[in-house]
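*Asks:* Fold the following and give me the result.
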Amino acid sequence: MAGLPKLDRIDINILAQLQQNGRLTNVDLAEAVGLSSSPCLARVRRLEEAGYIASYNARLQLSKLVEHITVFTEVTLNDHRREDFIKFEADIRRYEALQEVHLVSGGYDYLLKFVIKNVARYQDLMESILDRNIGVEKYFSYIVIKTVFDRGAVSLKSLVNDN
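*Replies:* Got it, this is the predicted structure:
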């Protein structure tokens, strides 16, 4: 992380506050982190420019909007050459239902997270992926029955503190 500005506890607090509520006004954010408005805004702009803040988003309650399912999929590739991973990663991006892709260690290569209308659409999508011949040897699907909780935000303080 060379070249990035060093973060102090106030910067971490700003990031934590914005992660919990991206709609905070600068005045409210400044009050929450113990700064006046002008220095707080300058810090936020510095954090944005350095890329610490990737975006500001609204978190939707999908279940109120549309019926859908979440499916986690383990994918194992046929071969494990560098170009096989590059080909898979480049091609898999085309699928809008695909929310997350993680290269993992262990018994398979990738963990994918899909949010899609129903099981039939998921199966059609997986058949489409297999038809594209992007190196998938096998896959296993796990349909989410119930999300017990989703924090939606990472506890920055627990990650940055050495305690």
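*Asks:* For L15, which non-adjacent residue is closest in space?
*Replies:* Counting by C-beta to C-beta, 6 or more residues apart in numbering, L15 lies nearest to L156, which is 5.8 Å off, once chain neighbours are set aside. C-beta: built from backbone N, CA, C; applies to glycine.
*Asks:* what's around that neighbour, how many residues?
*Replies:* 17 (other C-beta atoms under 10 Å).
*Asks:* Could you pull up phi and psi at it?
*Replies:* phi -60, psi -40 (degrees, to the nearest 10).
*Asks:* residues contacting it?
*Replies:* Going by C-beta atoms under 8 Å, 6 or more residues apart in numbering, L156 touches 12, 15-16, 19.
*Asks:* how about 7 Å then?
*Replies:* Applying C-beta atoms under 7 Å, 6 or more residues apart in numbering to L156 gives the contacts 12, 15-16.
*Asks:* what distance separates the lowest-mean-pLDDT helix or strand in the chain from the middle of the whole chain?
*Replies:* Least confident helix or strand of the chain, by mean pLDDT, DSSP states H and E, is helix 156-160 with a mean of 82. Here the centre of helix 156-160 is set off from its chain's centre by 17 Å, with C-alpha atoms, centre = their mean, to the nearest Å.
*Asks:* Same question for that helix: list its buried residues.
*Replies:* L156 (16 or more other C-beta atoms under 10 Å).
*Asks:* quick one: low-confidence ranges for this structure?
*Replies:* 1-3, 162-163 (pLDDT under 70).
*Asks:* Name the surrounding residues that touch stretch 20-31.
*Replies:* 14, 17-18, 36-37, 40-41, 56-57, 153.
*Asks:* Most neighbours among those, which one?
*Replies:* The most crowded member of the contacts of stretch 20-31, judged by other C-beta under 10 Å, is I14 (26 neighbours).
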